[in-house]
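[1] sharing a model prediction with you, sequence too.
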Amino acid sequence: MTGECCLILVDLLIKLICHFCLPLFVECLSV
């Protein structure tokens, strides 16, 4: 149960990082 919960949290964290950081990173590269 704890492992499953941990995996869900990690998945959400990765999605948040991808959602917020990747667009910024792409903007930095395109400048």
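    Sure, I can see it.
[2] rounded mean pLDDT for the helix or strand harbouring residue 23, please.
    Assigned by DSSP states H and E, residue 23 belongs to helix 2-30. Averaged over helix 2-30, pLDDT sits at 84.
[3] quick one: that helix to chain centroid distance?
    Chain-centre distance of helix 2-30: 0 Å, with CA atoms, centre = their mean, to the nearest Å.
[4] list the helices and strands it packs on?
    For helix 2-30, there is no helix or strand it packs on, judged by 3 or more CB pairs under 8 Å, 6 or more residues apart in numbering; DSSP states H and E. From N, CA and C alone the C-beta is placed, and that goes for glycine too.
[5] count the neighbours of residue 8 for me.
    Around residue 8 sit 10 other residues, with neighbours defined as other CB atoms under 10 Å.
[6] now do residue 14
    Neighbours of residue 14 (other CB under 10 Å): 10.
[7] ok, it to residue 26 distance?
    17 Å (CB to CB, to the nearest Å).
[8] what's the answer for residue 13, then?
    In terms of CB to CB, residue 13 sits 20 Å off from residue 26.
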